[in-house]
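> Prediction below, plus the sequence it came from.
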Amino acid sequence: MVNLSLGVWLTTHSYLSGSLNFLKAGAAVAFLVFLQLRFSHTWLASLGLHRVERFGTELASRKFLSVCLVGLSLFVIRSAVIPVSSIPLPEFHDEYSYLLAADTFAHARLTNPPHPMWEHFETFHVIWHPTYMSMYPPGQGLILALGQILGNPWIGQLIAAALMCAAICWMLQGWIPPQWALLGGVFAVARLGLLSYFANGYWCACLPAVGGALILGALPRIERNPRGRDAVPMAIGLFVLANTRPYEGLLLSVGVAIALFAWMLGKSKPPVLVSLNKFVLPLALVLAPLAMWTGYYNFRVTGSPFRMGYEINREAYAMGRYFVWQSPWPQKSYSDARLREKYEQELKDAQEYKTLRGFVRSVGNKFVSFWREYLVWPLPFVLLALPCAARDRRLRVPWMIAAIFVAGLAVEVWFLPHYFAPATALLFLFLMQCIRHLCQVRWRGKRAGLALVRAVSVIYIGTVVFRIALAVTHVHPESAWQHGDKQRESIVRQLAVTPGQHVVLVSYSPDFPLDREWVYNLSDIDGSKIVWARDMGTEKDRELFAYYPDRHFWKVHAESSAEAPLLEPYRDSAISN
């Protein structure tokens, strides 16, 4: 009864919070629209936007410059607030796994030898055999490794975010007039680049968004005027998608491939030699060595060029599977209760997804999660023109690509907003086209649609400016900027200044979130100042004492509270003897 009441309260609270945000955004937009329509000839009504629009149009005509400035603006603005917001810390399983890959690459290795004490370091999203490495494709680790070489892994994430915003602007230039492409790039900076976990963490969701933008931007350029140089960004985009989010990248690539084949075989098809020389051959020449590198990487990590670390990890640990049509794996045995609890929860989710009720509820949750990350108020108001955009002949191909992509996401059991990342540029294309249609709407002879677009843009971008200003005054409204596991970091800082080398044995309270984990190590475990291991009881812990006779051993109990954890010396007489 208590759980039911709590669930009802949470649902009601979420609904009321969403309704309140809608009403506040709606009132602000309505006020600015009224101001523009009622006092259309005053500077105050337009807020000087006509000058901003004129400047934007002039800048947008210089396409390469505008793309560069979009990316550079994100990099500069986010870097400028680091002194007051600090660099984010990792917190979740995936982030630590990506950082393991980054540390491996930063030390000029593709993978690491398995550790003899691996059972003590067993953790999520890491494989231990035949090598010790992150289970994920290498793309995220490579960009974070670049950051680590430059001083901090997060610098790589910031570079990826800047590339994402620039790539979105470049992609939009291939589909719509340059002034609208520039506005789309500014919108990407305002939301995903500054206020989203896309940039404020170590998930590297920006990287698959870059890959998707590259192949989507190359598509219309190739169809209009086939040139070998346009095949290059498409090949790079395919490589990025294959090495960041392979499944979702495949979905997007299938839609693009269908569009290309329809063009090559359609009424306006180019001569065969033109297609071969200007597109197929350049694409193959660029993609072939990149694909060979991916195969070589897989071979070094798993022993097979066609087998990813992801497959090995899931087969070793998981019971629930990712797609609705797949049968679960057999029951597994686990060395740790948290591992068992996590994978049993996955199995439960996968089985529930196969039911009609579970499927409908999960799809609804996916939509809500997507909406909250990508469509922050008041931006959804431009979707009033979605029926017009849906009938737009120029968007038939993008809608086809989007339909394939969304259908593919629907059959996945789990979803996080960055699963949609490869199609991020596609979403901005639809939003910008809605805005273009809205600008044509008139009411009583006045350009009400343009007034609405201006109001949405001012509030959307102005809110970001306001939040950054608050951060500068040391008021922190952005939880993502303070992202990270500060409890674990407090232990790292304490032991970093403590002489000697250390082993931290971790145990967990029952309510400690399953998506958080403290037992993560870098690529060279034995060479690390701090080694994190599971507290497996006196008998098993003796193995670590024998393996690390010169290290200081500590015990810590991870709890869900925000208080700093208590680090205690390990004083077990049975082990010390």
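Structure's in. What do you need?

> So what's the residue count around residue 31?
Neighbour count for residue 31, taken as other CB atoms under 10 Å: 12. Bear in mind the C-beta positions are built from the backbone N, C-alpha and C, glycine included.

> go on, residue 545?
Neighbourhood size, residue 545 [other CB under 10 Å]: 16.

> how far away is it from residue 277?
Distance, residue 545 to residue 277, by CB to CB, to the nearest Å: 67 Å.

> And for residue 349?
For residue 349, the distance to residue 277 equals 50 Å [CB to CB].

> Repeat that for residue 530.
Distance from residue 530 to residue 277, by CB to CB: 57 Å.

> more neighbours, the two?
Counted by other CB under 10 Å, residue 530 and residue 277 do not tie: residue 530 has more neighbours, with 18 against 13.

> Now do the contacts for the more buried one.
491-492, 495-496, 501-504 (CB atoms under 8 Å, 6 or more residues apart in numbering).

> buried subset of the residues you listed?
Neighbour-count burial within the contacts of residue 530 applies to 491, 495, 501-504; the criterion is 16 or more other CB atoms under 10 Å.

> can those residues go into TSV with extra columns for pLDDT?
What follows is the buried ones among the contacts of residue 530, written out as TSV (pLDDT from 0 to 100):
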residue	pLDDT
491	93
495	94
501	94
502	95
503	95
504	96
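
> So which of those belong to helices?
Of the buried ones among the contacts of residue 530, the ones assigned to helices by DSSP state H are 491, 495.

> how about the buried ones among the contacts of residue 530 in CSV, adding distance to residue 111?
Shown next, in CSV, are the buried ones among the contacts of residue 530 (distance: CB to CB, whole Å):
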residue, distance to residue 111
491, 28
495, 27
501, 24
502, 26
503, 24
504, 25
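
> of all the buried ones among the contacts of residue 530, which two lie farthest apart?
491 and 501 (14.4 Å; CB to CB).

> Please name the nearest non-neighbouring residue to the one residue sitting closest to the centre of the chain.
Nearest to the geometric centre of the chain sits residue 205, at 2.2 Å (CA atoms, centre = their mean). Nearest non-adjacent residue to residue 205, counting by CB to CB, 6 or more residues apart in numbering: residue 418, 3.3 Å away.

> that's a helix at that neighbour, yeah?
Yes - using DSSP: H, G, I helix; E, B strand; the rest coil, the assignment for residue 418 is a helix.

> quick one: it from residue 542, how far?
For residue 418, the distance to residue 542 - CB to CB - is 42 Å.

> neighbour-wise, which of the two wins?
residue 418 (24 against 14).

> Verify the stated contact: the more buried one with residue 199.
No - the pair residue 418 and residue 199 fails to qualify as a contact (CB atoms under 8 Å) at a distance of 11.3 Å.

> just the strands in the stretch 101-250 of the chain please.
126-127, 133-134 (DSSP state E, counting those that start in this stretch).

> Can you tell me the strand partners of the last one and which way each runs?
Going back to what we said before, that points to strand 133-134. strand 126-127 (antiparallel) (DSSP bridges).

> how far does the partner strand sit from the chain's center?
21 Å (CA atoms, centre = their mean, to the nearest Å).

> Can you give the contact residues for that strand?
By CB under 8 Å, 6+ apart, strand 126-127 touches 97, 100, 132-135, 301-302, 309, 312-313, 316, 520.

> Now the buried members of those residues.
97, 100, 132-135, 301-302, 309, 312-313, 520.

> Show me which of the buried ones among the contacts of residue 530 is closest to residue 172.
Among the buried ones among the contacts of residue 530, and counting by CB to CB, the member closest to residue 172 is residue 491, at 45.4 Å.

> can I assume the closest one is in contact with residue 557?
No - Residue 491 sits out of contact with residue 557 when judged by CB under 8 Å, with a separation of 11.4 Å.

> okay, and the common contacts of these two?
Counting by CB under 8 Å, 6+ apart, the residues touching both residue 491 and residue 557 are residue 565.

> mind listing the helices for the stretch 401-550 of the chain?
Counting by DSSP state H, counting those that start in this stretch, the stretch 401-550 of the chain has helices at residues 424-438, 448-472, 486-496, 538-547.

> so of those, which one's packed in deepest?
Scoring the helices of the stretch 401-550 of the chain by mean neighbour count under mean count of other CB atoms under 10 Å gives helix 424-438 as the most buried, with a mean of 24.

> Return the list of helices and strands in contact with that one.
helix 153-173, helix 178-188, helix 206-224, helix 386-390, helix 396-410, helix 448-472 (3 or more CB pairs under 8 Å, 6 or more residues apart in numbering; DSSP states H and E).

> what helices or strands is the fourth one leaning on?
Using 3+ CB pairs under 8 Å, 6+ apart as the contact criterion, the secondary-structure elements in contact with helix 386-390 are helix 424-438.

> what angle do the helix it packs on and helix 448-472 make?
With axes from the mean of the first three to the mean of the last three CA atoms, to 10 degrees defining the directions, helix 424-438 sits at 130 degrees from helix 448-472.

> Please save the CA atoms from helix 424-438 in PDB.
What follows is helix 424-438, C-alpha atoms only, in PDB (Å, rounded to 0.1, in the frame of the first residue of the first chain):
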ATOM      1  CA  THR A 424      20.000  14.300 -33.400                       C
ATOM      2  CA  ALA A 425      20.700  16.300 -36.600                       C
ATOM      3  CA  LEU A 426      17.600  14.800 -38.100                       C
ATOM      4  CA  LEU A 427      15.500  16.100 -35.200                       C
ATOM      5  CA  PHE A 428      16.900  19.600 -35.700                       C
ATOM      6  CA  LEU A 429      16.100  19.500 -39.400                       C
ATOM      7  CA  PHE A 430      12.400  18.800 -38.500                       C
ATOM      8  CA  LEU A 431      12.400  21.600 -35.900                       C
ATOM      9  CA  MET A 432      13.900  24.100 -38.300                       C
ATOM     10  CA  GLN A 433      11.500  23.100 -41.000                       C
ATOM     11  CA  CYS A 434       8.600  23.600 -38.600                       C
ATOM     12  CA  ILE A 435      10.000  27.100 -37.800                       C
ATOM     13  CA  ARG A 436      10.200  27.900 -41.500                       C
ATOM     14  CA  HIS A 437       6.500  27.000 -42.000                       C
ATOM     15  CA  LEU A 438       5.500  28.900 -38.900                       C
END
